[in-house]
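Novice: Need coordinates for the below:
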Amino acid sequence: MKVMRIYKEGNPNLARIACLLGGAVWGLFWIPLRNLDEAGISGAWATALFHTLPILLLLPVIALRTSRFRLAGVLFQAVGFTMGLSLVLYSTAFLYTDVVRVVALYYLTPIWGALLGRIWLKEQISGDRIVGICLGLIGMLVILNVDQGLPLPQNGGDWMALAGGVIWAIAATLMRQKPQVDALTTLLVWFFWCSALAVILALFMQGDRALPQFNAILNQLPWLLPLILLIVIPGYFAITWGTPQLNPGTSGLLLMTEISVGTLTAAWLTSEIIGPREITGIILITLAGLSEVFLPALRNALRWTRSS
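Specialist: Here you go, the predicted model:
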């Protein structure tokens, strides 16, 4: 079937779209995490629950793919570990600092991704990517009020967001070198490491004294389970399928759509104010992500027009 062929062989254009959509899903993560925090599942334990439920729901699939995990080797587990650590730090950061600061500091990723791609994989930094990086950085500085100083980490949440972005760039680079493992297996390993590392982080930061009550967890399942099945798991899958087909700089730029979604939803649902400065930044960051998709298409269209 055509769908299975695309799944196995890949498609660069669809991979770019998958990363764009995956980034948009990530832009919504702060909403369920803060809802869990307000419901009494506090701090890092909200992140732990958010990442443990998917692995429990996918246990039957994991049981059928155990042999693939063993065959993939250490490098594959390193991919899962770095992806999991990045997402756990990113998710938890929302509970300790402002949404806009989290997404801006995390999405310095294209810089680290482009540098790692050049140094580690010996890849050239294309003109399209330079344009995207410049637009993205300018947009971030606009949103963070560059006239008030550089967006340096000011609290634990800021540091988690920045570290998560660096680690994601490492994960994206490792994904280009890992054994040929299908996206579904990668997704399952990612969820495993997310859940394990989230629990470890929660124990480290808060200990068992803040362990959520069982009834508090049950009360959240009616809305949390559909969210995970319909949005979280498909969003993660889009990223695990699309990212390996692209270089780290490109995937980092495409995932920057998360900034636009995160900033807009934060302005809509919280007391964070969005004005002309924030709107300008959002437009620039969105253009940064879209540049890797539409600049090549625009050039092809111009060539076709000239030749016809």
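Novice: Let me know the helix or strand that Ala48 is in.
Specialist: helix 44-57 (DSSP states H and E).
Novice: what pLDDT, on average, does that helix get?
Specialist: What helix 44-57 shows for mean pLDDT is 88.
Novice: Could you give the separation of it from the chain centroid?
Specialist: Centroid displacement of helix 44-57 relative to its chain, using C-alpha atoms, centre = their mean, to the nearest Å, is 16 Å.
Novice: Contacts made by whichever helix or strand comes after that helix with the rest, please.
Specialist: For helix 44-57, the following helix or strand on the C-terminal side (DSSP H and E) is helix 59-64. Contact partners of helix 59-64, identified using C-beta atoms under 8 Å, 6 or more residues apart in numbering, comprise Ile55, Leu184, Leu188, Phe192. (Each C-beta comes from the backbone N, C-alpha and C, glycine too.)
Novice: switch to 10 Å and redo it
Specialist: Outside helix 59-64, the residues that touch it by C-beta atoms under 10 Å, 6 or more residues apart in numbering are Ile55, Leu56, Arg68, Phe69, Leu184, Thr185, Leu187, Leu188, Val189, Phe191, Phe192.
Novice: May I ask which of these has the most neighbours?
Specialist: Among those, Phe191 has the most neighbours (other C-beta atoms under 10 Å), with 27 neighbours.
Novice: Tell me who's in contact with that one.
Specialist: Here Phe191 is in contact with 51-58, 62, 80, 83-84, 87, 232-233, 236, 240 (criterion: C-beta under 10 Å, 6+ apart).
Novice: Buried subset of the residues you listed, written for ChimeraX?
Specialist: Selection of buried members from the contacts of Phe191 for ChimeraX, criterion 16 or more other C-beta atoms under 10 Å:
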select :51,52,53,54,55,58,62,80,83,84,87,232,233,236,240
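Novice: I'd say Thr280 and Leu135 touch.
Specialist: No - between Thr280 and Leu135 there is no contact under C-beta atoms under 10 Å: 11.4 Å.
Novice: Brilliant, that's me finished.
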